[in-house]
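# Whatever this is, show me its structure:
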Amino acid sequence: MRAVRATRQGGPEVLATVELETPTPGEGEVLVEVAAAGVNFIDIYRRSGVYPMRYPHVVGTEGAGVVADVGSGVTSLSAGDRVAWVDAVGSYATHQVVPEARAVPVPDGLELTTAAAVALQGITAHFLATSTHPVRTGEELLVHAAAGGVGNLLVQLTTAKGATVIGTVSTEAKEKQARAAGADHVIRYTEVDDLAAEVRRLTGDRGVAVVYDGVGASTFDASLGSLRRRGMLVLYGASSGQVPPFDPQRLNRAGSLFLTRPTIGDYIADRDELVWRAGEVFQAVAAGRLQVTVADALPLEQAAKAHEALEGRATIGKLVLVTRA
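You can find the predicted model right below:
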């Protein structure tokens, strides 16, 4: 099989396409012929060493494809089934062994490339809006990177729940994308001196109930400053860098604020929860209620180019790697 490995800790240049022996599924595992793999910031964190990993390792945690073989003890899947997965390392490859507990059915009518593009980010947006902070009708929210993969889905999911959404973006093209997703207000953060003040102006100085922040270091202070009393900052990523340590008394002084740093593994630890979240996301996409934008579908061999584009925040929508031209 062909696979993309991070040969050592470093930048995109450490990614190399190699030939490896196709694995055999063990007990409770399935071998999947991969159609497409999603490209995510967690792949970058693991490649660069932000998240500790052994090197070399095959990159990627999300994908979709067709089951080619099943190991002993597998009861819910068979050869020929179309599946997608998240949180299973090794997706940048033509074949991957996936635990049965991590593989979920892809419904008829949903293309595998689309399933790979929405699995991780869709489930992430789902748990953020339904569980981390259950969004209610009439709430005012701030979504950073509202044209990005998770951000764009969050805008769609939360406006569908009746929330008023303020999105932040960097360019005119991304503003159009955020508004098309349903954002009520869009702030180009490159054109305002005080982002938190602009949020407060838009909310009549109330501040928002929750900030969904996947950007991290460059937006953290503005996110805190945008919250209403007892509001929640949901820090779910760090595309601009990790947030430095800070004094928790800041939460006290700013109005008894809440801060959480959720990770997907804790919201899909139970297979029933994983299947529920993935099922709702996939059905919404298949029915046209949730729109997925695939920014580009690149061959495996261009994984480094995909990482460079994602790190440079040069994409609108999701990047995927495909195994066939």
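
# show me the contacts for Met232.
His133, Ala209, Val210, Val211, Leu257, Phe258, Leu259, Thr260 (CB atoms under 8 Å, 6 or more residues apart in numbering). Glycine gets a C-beta too; all of them are placed from N, C-alpha and C.

# Let's have those in JSON lines, adding secondary structure, distance to Gln302 and neighbour count.
What follows is those, written out as JSON lines (DSSP: H, G, I helix; E, B strand; the rest coil; distance: CB to CB, whole Å; neighbours: other CB atoms under 10 Å):
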{"residue": "His133", "secondary structure": "coil", "distance to Gln302": "37", "neighbour count": "22"}
{"residue": "Ala209", "secondary structure": "strand", "distance to Gln302": "41", "neighbour count": "21"}
{"residue": "Val210", "secondary structure": "strand", "distance to Gln302": "37", "neighbour count": "28"}
{"residue": "Val211", "secondary structure": "strand", "distance to Gln302": "34", "neighbour count": "30"}
{"residue": "Leu257", "secondary structure": "coil", "distance to Gln302": "42", "neighbour count": "21"}
{"residue": "Phe258", "secondary structure": "strand", "distance to Gln302": "41", "neighbour count": "13"}
{"residue": "Leu259", "secondary structure": "strand", "distance to Gln302": "37", "neighbour count": "19"}
{"residue": "Thr260", "secondary structure": "strand", "distance to Gln302": "35", "neighbour count": "13"}
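
# Which one of the residues you listed is nearest to Leu195?
Distance to Leu195, by CB to CB, is smallest for Val211 among the contacts of Met232, at 10.6 Å.

# For that closest one, give the beta-bridge partners.
With DSSP bridges as the criterion, Val211 is bridged to Leu142, Leu233.

# Can you give me the pLDDT of Thr315?
With respect to pLDDT, Thr315 scores 75.

# Test my guess that it contacts Val294.
No - the pair Thr315 and Val294 does not pass the contact test of CB atoms under 8 Å, sitting 9.9 Å apart.

# Strands of the stretch 1-150 of the chain, residue ranges please.
2-6, 15-19, 29-38, 57-58, 63-70, 82-85, 95-99, 103-105, 140-143 (DSSP state E, counting those that start in this stretch).

# what's the spacing between the fourth one and its chain's center?
In terms of CA atoms, centre = their mean, to the nearest Å, the gap separating the centre of strand 57-58 from the centre of its chain is 20 Å.

# Contacts for that strand, please.
Ala3, Val4, Arg5, Ala6, Leu20, Arg46, Val89, Gly90, Ser91, Tyr92, Ala93, Gln96.

# Can you get me a residue count around the second one?
Going back to what we said before, that points to Val4. Number of residues near Val4 (other CB atoms under 10 Å) recorded here: 26.

# Kindly report the same for the fifth one.
For Leu20, the neighbour count with other CB under 10 Å is 13.

# Report pLDDT for it.
What the model reports as pLDDT for Leu20 is 97.

# That one contacts Val4, correct?
No - counting by CB under 8 Å, Leu20 stays clear of Val4, with 10.4 Å between them.

# Now for those two: what residues contact both?
Common neighbours of Leu20 and Val4 (CB under 8 Å, 6+ apart) are Val58, Ala93.

# what's the spacing between the residue positioned nearest the centre of the chain and Leu157?
For the chain, the residue nearest the mean C-alpha position is Gln121 (3.1 Å; CA atoms, centre = their mean). Separation of Gln121 from Leu157 (CB to CB, to the nearest Å): 11 Å.

# Tell me how many other residues surround His316.
Not His; residue 316 is Ile. Counted with other CB under 10 Å, Ile316 comes out at 19.

# That one is in what secondary structure piece?
Under DSSP states H and E, no helix or strand contains Ile316.

# who's in contact with it?
Residues near Ile316 by CB under 8 Å, 6+ apart: Ala147, Gly148, Ala173, Lys174, Gln177, Thr293, Ala295.

# Counting neighbours, which of these end up buried?
Neighbour counting by 16 or more other CB atoms under 10 Å classes Ala147, Gly148, Lys174, Gln177, Thr293, Ala295 among the contacts of Ile316 as buried.

# is it possible to export these to JSON lines including pLDDT?
Shown next, in JSON lines, are those (pLDDT from 0 to 100):
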{"residue": "Ala147", "pLDDT": "90"}
{"residue": "Gly148", "pLDDT": "86"}
{"residue": "Lys174", "pLDDT": "92"}
{"residue": "Gln177", "pLDDT": "93"}
{"residue": "Thr293", "pLDDT": "86"}
{"residue": "Ala295", "pLDDT": "85"}
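
# thought the residue nearest to the centre of the chain was touching Ile42?
No - here Gln121 lies out of contact with Ile42, judged by CB under 8 Å, at a distance of 10.7 Å.

# and the chain, what are its domains?
Per automatic domain parsing, the domain ranges recorded for the chain read 2-120+268-322, 136-261.
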